[in-house]
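Participant: Sequence first, then the predicted structure:
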Amino acid sequence: MTAPSSHSDRPRIRLKPKANARAIRHGFPWVYDNDIVTDRRTRRIQPGSLAVLEDGDRSPLGLVAVNTNSRIMCRMLDRDPEAVLDAAWFEARLSRALELRQTLFDAPFYRLVHAEADGLPGVIIDRFGDACVIQPNAAWAEAHLDLMTAALVAVTGVTCVIKNASGRARGLEGLDDVAAVLHGASPDGPIQVPMNGATYMADLTGGQKTGLFYDQRPNHAFASRLVTPGAKVLDVFSHVGGFGLAMLAAGAGEALCVDGSAPALDLARKGAEIGGLRDRLQTRQGDAFEVLSALGQEDARFDVVICDPPAFAPSKPALDAGLRAYERIARLAAPLVKPGGYLGLCSCSHAADLSRFRDASARGIGRAGRQAQLLHTGFAGPDHPQLPQLAETGYLKALFFRL
């Protein structure tokens, strides 16, 4: 277990004179490498170490986590430069996060920690009843993982904690991709998660990310409001049946879930079976673009079509290609919607802001020869709070159109 660090022997990192110290004082949590005086002593600081951040006049700004190998060289941990990251520090952060979720939800199925917005930069924790999955996506979190796990168990009482090491963020921090069970025993199989009247199956060890995407919960609920009894719905990039199962639970007559992952579709079918919806669920494995094109050639039509792809624009260099992909999705999906029906288009790319994503979607719908009303714009649920100073925490957008 990592010992709590003492402030007396911490290195000091200084902002360049022209760096925007005011943004840091006003809550921006990151410091990029080109804003820091990077002398030989600074470059020797080991990734994951703690340091005191100073402005250009050497006035302390707070306690930061350092990774000299990352574009984000410093992440603000505490405005108190003398803070000690001990059990009490972690338990205080986790207790505050837990209090919010217990206010919002009547069952322990939610995102418990949403990184910077919950005061734990780069850390994602999703809760599945008596189990939690941690994604320590920053070097400092990896270095303090034992201490954080012990605090998590003490605060929540969960009996199982699993480390998920997948994802682009860990690679950018120079971290490994090795998953592990940190506390207790791994679940025997997928965990049943109730949401919006449906039952989802979350594979905590072999599934995508932490096993389930809680962020779409309110958008699943809105899509369910568009369903009339007996409606025919299409859920593309469905994962374990996110939108499809919610719309079936709301009374849809049949749902077709499309995904490239056979194991994810197996879990969708299992969730439908447990929820008594199996006879109304169909699945189709394949590339989403190819399946959408094939459905168009088959003259298939649906009352509601939802497309929830992975991040096509995970970074600024990928933005133009990502926007073209979102436009193409809209162009292929729009012809599948019956007149007067509904099309939901989603993006989890923080590099593609709402305006650009909305424009790309509208272009695609127009290129398909359809006219649309934008009914609703959805975002991630309240268990994914946003840090107002950090646009990246508001990554999810969901647009619902009537065609």
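Facilitator: In hand now; what should we look at? Just so we're clear, the structure is a prediction, and the values are computed from it rather than from any experiment. Numbers count the residues shown, from 1 in each chain.
Participant: Only C-alpha atoms from now on, for both contacts and neighbour counts.
Facilitator: Fine.
Participant: where does the stretch 151-300 of the chain have low pLDDT?
Facilitator: Applying pLDDT under 70 to the stretch 151-300 of the chain flags no residue at all.
Participant: What segments of it are strands?
Facilitator: 160-163, 180-183, 191-195, 198-202, 232-236, 254-259, 281-285 (DSSP state E, counting those that start in this stretch).
Participant: Likewise for the stretch 301-403 of the chain?
Facilitator: In the stretch 301-403 of the chain, strands defined by DSSP E, counting those that start in this stretch lie at 302-307, 337-347, 373-378, 397-402, listed in chain order.
Participant: Report the contact partners of the residue lying farthest from the centre of the chain.
Facilitator: Each residue of the chain has a distance to the centre, and by Cα atoms, centre = their mean the biggest one is for D57: 37.6 Å. Under the criterion of Cα atoms under 8 Å, 6 or more residues apart in numbering, the contact list for D57 reads P17.
Participant: Against G271, how distant is it?
Facilitator: Using Cα to Cα, to the nearest Å, we find D57 at a distance of 59 Å from G271.
Participant: Likewise for L265?
Facilitator: 10 Å.
Participant: Overlap in contacts, those two.
Facilitator: Here L265 and G271 have V240 as joint contacts, going by Cα under 8 Å, 6+ apart.
Participant: Who are the packing partners of the longest helix belonging to the chain?
Facilitator: Ordering each helix of the chain by length in residues (DSSP state H) puts helix 87-104 first. For helix 87-104, the elements it packs on are strand 109-114, helix 145-156, judged by 3 or more Cα pairs under 8 Å, 6 or more residues apart in numbering; DSSP states H and E.
Participant: any chance of the strands of the stretch 301-403 of the chain in TSV, with distance to L15, mean pLDDT and mean neighbour count too?
Facilitator: Output for the strands of the stretch 301-403 of the chain, formatted as TSV (distance: least, Cα to Cα, whole Å; pLDDT from 0 to 100; neighbours: other Cα atoms under 10 Å):
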stretch	distance to L15	mean pLDDT	mean neighbour count
strand 302-307	44	98	25
strand 337-347	35	98	22
strand 373-378	38	98	14
strand 397-402	34	98	22
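Participant: Any idea which of those gets closest to L354?
Facilitator: With distances scored as Cα to Cα, the stretch of those nearest to L354 is strand 397-402 (6.6 Å).
Participant: In contact with T68, which residues?
Facilitator: For T68, the contacting residues are D33, T42, R43, I45, Q46, P47, by Cα under 8 Å, 6+ apart.
Participant: excluding its backbone neighbours, what's nearest the third one?
Facilitator: This means R43. With Cα to Cα, 6 or more residues apart in numbering as the criterion, R43 has its nearest non-adjacent residue at 6.2 Å, and that residue is T68.
Participant: Repeat that for the last one.
Facilitator: Leaving out its chain neighbours, the residue that sits closest to P47 by Cα to Cα, 6+ apart is N67, at 4.2 Å.
Participant: ditto for the first one
Facilitator: Using Cα to Cα, 6+ apart and skipping residues adjacent in sequence, the residue nearest D33 is M73, 5.2 Å away.
Participant: cool, and the second one?
Facilitator: For T42, the nearest residue in space outside its immediate sequence neighbours is I13; the separation is 6.9 Å by Cα to Cα, 6+ apart.
Participant: Give the other helices and strands that the helix or strand harbouring that neighbour contacts.
Facilitator: Secondary structure from DSSP states H and E places I13 in strand 12-14. The contact analysis (3+ Cα pairs under 8 Å, 6+ apart) places strand 12-14 against strand 49-54.
Participant: ok, residues contacting the strand it packs on?
Facilitator: Outside of strand 49-54, the residues within contact range by Cα under 8 Å, 6+ apart are 5, 10-15, 60-67, 81, 140.
Participant: Tell me the spacing between R101 and V113.
Facilitator: Computed as Cα to Cα, the R101 to V113 distance reads 9 Å.
Participant: between those two, what contacts are shared?
Facilitator: With Cα under 8 Å, 6+ apart, R101 and V113 have common neighbours D383.
Participant: Looking at those two, which is more packed in?
Facilitator: Ranked by neighbour count (other Cα atoms under 10 Å), R101 and V113 place V113 first, with 28 against 21.
Participant: Look up how far A23 lies from that one.
Facilitator: To A23, V113 is 24 Å away according to Cα to Cα.
Participant: what does V123 give?
Facilitator: Between V123 and A23 the computed distance is 22 Å (Cα to Cα).
Participant: Please identify which of those two sits among more neighbours.
Facilitator: More neighbours surround V123 than the other of V123 and A23, with 20 against 13 (other Cα under 10 Å).
Participant: That one against W140, yeah?
Facilitator: No: at 9.7 Å, V123 and W140 do not qualify as touching, with contact defined as Cα atoms under 8 Å.
Participant: residues in contact with the residue most central in space within the chain?
Facilitator: A centroid search over the chain (Cα atoms, centre = their mean) returns D215, at 6.5 Å, as the residue closest to the centre. Each residue near D215 by Cα under 8 Å, 6+ apart is listed here: R111, F379, A380, G381, D383, H384, L396.
Participant: Please apply the same query to E327.
Facilitator: By Cα under 8 Å, 6+ apart, the contact set of E327 is A360, S361, A362, R363, G364, I365.
Participant: I figured the first one hits R324, correct?
Facilitator: Yes: with contact defined as Cα under 8 Å, A360 reaches R324; the gap is 7.2 Å.
Participant: Of the two, give the one with the bigger neighbour count.
Facilitator: Legend: neighbour count by other Cα under 10 Å for A360 and R324, higher for A360 (23 against 18).
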